[in-house]
Each structure stands twice: as structure tokens, then as C-alpha cells.
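sequence plus the predicted model coming up.
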Amino acid sequence: MFGSKKVSIDKNLWEKIRVIAEAAGYSSPEEFVAHALERQVAEFEGAESDEEIRKKLRGLGYIS
């Protein structure tokens with residue numbers, strides 16, 4: 001993938017991702033991860049300030 005970056009993922013989490021990706025019909029665990037990240041990023045698109053992003057993160061339970 002052009003311009004791709006590497007991210008370290010715990011082996012146990014990667015195994016869960018692999019199983020879910022296969023069951024859901026993704027061509028690879030990487031495709032599933034990319035799709036999941038795209039969906040999360042879409043949650044924050046259109047945010048007009050850092051505070052709005054923080055409110056959304058709090059609402060999703062990512063920060064307190």
C-alpha cells in the first residue's frame with residue numbers, strides 16, 4: 001500500500017481481528033482494520049474544534 005504506516009498490535013488482539021475479519025468476509029485482517037479505522041475517523045470529520053472532538057471522544061467512552 002503506497003504511503004502506508006506500520007502499527008504494532010498485540011498478538012492476542014490480532015488473533016481476534018483475524019477471526020472476525022474472516023467471519024465477516026474481509027479479504028484480510030488488514031482490510032478489516034482499515035475499514036474499522038475509517039469508520040472511527042468518520043465520527044470526527046466535520047468537528048470544528050478540539051473541544052468538539054473531545055466531547056465526541058467522551059461520548060464514545062474513549063476519554064473521561
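Done, it's in.

which SS class is residue 45?
coil (DSSP: H, G, I helix; E, B strand; the rest coil).

and residue 18, by the same measure?
Assignment for residue 18 (three-state DSSP): helix.

residues in contact with it?
Neighbour list for residue 18: residue 29 [criterion: Cβ atoms under 8 Å, 6 or more residues apart in numbering]. In short, each C-beta sits where N, CA and C put it, glycine included.

okay, it: pLDDT?
The model reports residue 18 with a pLDDT of 97.

what are the contacting residues of stretch 38-47?
53, 56, 60.

secondary structure and pLDDT added to the residues you listed, as CSV?
CSV is the format used below for the contacts of stretch 38-47 (DSSP: H, G, I helix; E, B strand; the rest coil; pLDDT from 0 to 100):
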residue, secondary structure, pLDDT
53, helix, 85
56, helix, 81
60, coil, 79
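
any stretches of this protein with poor pLDDT?
Along the chain, segments meeting pLDDT under 70 span 1-2.

just the helices in it please.
11-24, 29-42, 50-59 (DSSP state H).

how far off helix 29-42 does the first one point, in degrees?
The reference is to helix 11-24. 90 degrees (axes from the mean of the first three to the mean of the last three Cα atoms, to 10 degrees).

and the residue most central in space within the chain, how far is that from residue 64?
Nearest to the mean C-alpha position of the chain, by Cα atoms, centre = their mean, lies residue 37 at 2.7 Å. Computed as Cβ to Cβ, to the nearest Å, the residue 37 to residue 64 distance reads 22 Å.

likewise for residue 52?
Distance from residue 52 to residue 64, by Cβ to Cβ: 17 Å.

quick one, which of the two is more surrounded?
For residue 52 versus residue 64, neighbours defined as other Cβ atoms under 10 Å are more numerous around residue 52 (12 against 5).

list the contacts of that one.
Applying Cβ under 8 Å, 6+ apart, no residues contact residue 52.

distance to residue 3 added to the helices of the chain, as TSV?
Supplementary listing: the helices of the chain in TSV, determined by distance: least, Cβ to Cβ, whole Å:
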stretch	distance to residue 3
helix 11-24	22
helix 29-42	13
helix 50-59	24
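
can you tell which of these is closest to residue 5?
helix 29-42 (11.2 Å; Cβ to Cβ).

right, I'll leave it there.
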